[in-house]
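In: how would this look folded up:
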Amino acid sequence: MNPRRKRLKTTVSQHVLQTIEDIRPVNLYIRKKLKNNSSPKSHICQLENKFEELDAQKRLKYIQKSIDRFIQLLDDNDVCLSAQRDEDLFSLLLKPGERTIYFRNHLKAPSLPPCNSKMLYIHLMKQKYNDKFDRDKCILKWHQLDEKIRKEYEQLTDEVHNKYDRDMSKFSNFLPNRIAEDYFIYATAIENSFMDDDMDFVESSVLNTEEITSILQQYTPSVLYEKKMKQEYLFNELKNEEQIKWIQKSLKKWRKFLKKYPYVIEERTPTLNHILNSNEILTYFYTIGLPKSSSLDNDLNQLKCTCKDNLLYLQNLVKFIEIDLKDEQYLKFELFTNFEDIKKHYKLATALEQFRLTLTIDQIHLMGRIRRLRQQ
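Out: Purely as a prediction, here's the structure:
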């Protein structure tokens, strides 16, 4: 062994970990917007929200900068590939959705083929009939196929998967070593997400609105309840506590759906309304901390008065959105999509200085009294 050969580090220093945090896409975006100026915490939260609302193409610019700096950082600090893999450093740099934008949208990574012969058949029939495609009839027809024909589809499935493996190998050969290492982790996670047969898999590319609706409507609270209980007792007549239990069951199915189709989150496609109605969505958000307001159905200008109830509501609303939902950007998107009034209230709260999180309600009332005394 050459004694002068540089020895790569098998452990990752705290300096490297902190630098990875600093060069994440969202932090590069925030620094550019702030231009090295200090800013209140509430403003930084707003910038984080704006970054999440950018379309995939605009976010890609910051993702690419992050990756370039990431590779340079690890090379400069002699971090070996095994340490990079064991510490899963790429997941510290990019969120799952950002990795999807980079690998699937930008680099055009091979698409995962349908997982079995049945799903391949559905996929091919959908391509053939387009708008005239009927998924339920297609599944029925699959079960009616001759055994010999079904064997042919099984053979075709093997061929498609072999081609996918070859394409994966070619694709990874064109990637830098550090990125290839993380691509295999990403691709393996995607493949594993399709191994759960609890929810029907249609295809690995993009679902249209009708397919999304068709899948999710199988898992509404009322459908799950009737399927489980096998009785005609109306779901709407259940007590509130019982309804919440079935809403939670629906949401578990919803989260599995989002895990299988991560691009739904990245492309900001609303889906919660396909599985829950408005009242059920509102009930769910109340259970995770959304503050209630008696003024929600009234004129927005009523919230501008500084009565204690409105101050408390707006302060709690900002806390819920910027702290409780900080790592749930898609959930925040669903909240604003389904309830325009709440979005208006949040914008009002963040626009008015007296609703900053650093101020207490008593301090706000004191400031108001001081202003009134000065005007006298």
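
In: low-confidence ranges in the stretch 201-350 of the chain?
Out: 201-211, 230-233, 266-267, 294-309 (pLDDT under 70).

In: How about the contacts made by Ala349?
Out: Contact analysis of Ala349 by C-beta atoms under 8 Å, 6 or more residues apart in numbering lists Leu314, Gln315, Leu317, Val318, Phe355. Glycine gets a C-beta too; all of them are placed from N, C-alpha and C.

In: helix or strand for the first one, which one?
Out: Assigning secondary structure by DSSP states H and E places Leu314 in helix 308-319.

In: In PDB, could you pull the C-alpha coordinates for that helix?
Out: Listed next in PDB are the C-alpha coordinates belonging to helix 308-319 (Å, rounded to 0.1, in the frame of the first residue of the first chain):
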ATOM      1  CA  LYS A 308     -59.000  38.900  23.200                       C
ATOM      2  CA  ASP A 309     -60.700  35.900  21.500                       C
ATOM      3  CA  ASN A 310     -59.500  37.000  18.000                       C
ATOM      4  CA  LEU A 311     -56.000  37.700  19.200                       C
ATOM      5  CA  LEU A 312     -55.800  34.300  20.800                       C
ATOM      6  CA  TYR A 313     -57.200  32.600  17.700                       C
ATOM      7  CA  LEU A 314     -54.800  34.300  15.300                       C
ATOM      8  CA  GLN A 315     -51.800  33.700  17.600                       C
ATOM      9  CA  ASN A 316     -52.700  30.000  17.900                       C
ATOM     10  CA  LEU A 317     -53.300  29.700  14.200                       C
ATOM     11  CA  VAL A 318     -49.800  31.000  13.300                       C
ATOM     12  CA  LYS A 319     -48.300  28.600  15.900                       C
END
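
In: Now do the buried residues in it.
Out: Asn310, Leu311, Tyr313, Leu314, Gln315, Asn316, Leu317, Val318 (16 or more other C-beta atoms under 10 Å).

In: picking up where we left off before, closest one of the contacts of Ala349 to Ile179?
Out: Using C-beta to C-beta, Val318 is the member of those that lies nearest Ile179, at 38.6 Å.

In: Could you find the closest non-adjacent residue to the closest one?
Out: With sequence-adjacent residues excluded and distances taken as C-beta to C-beta, 6 or more residues apart in numbering, Val318 is closest to Ala349, at 5.0 Å.

In: again with Pro291
Out: Pro291 sits nearest to Asn316 (C-beta to C-beta, 6+ apart), 3.9 Å away.

In: Which segments of this protein make up each domain?
Out: 14-106, 117-174, 200-287, 289-376 (automatic domain parsing).

In: Same list, those, but as JSON lines with distance to Glu181 please.
Out: Below are the domains of the chain laid out as JSON lines (distance: least, C-beta to C-beta, whole Å):
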{"stretch": "domain 14-106", "distance to Glu181": "5"}
{"stretch": "domain 117-174", "distance to Glu181": "9"}
{"stretch": "domain 200-287", "distance to Glu181": "20"}
{"stretch": "domain 289-376", "distance to Glu181": "26"}
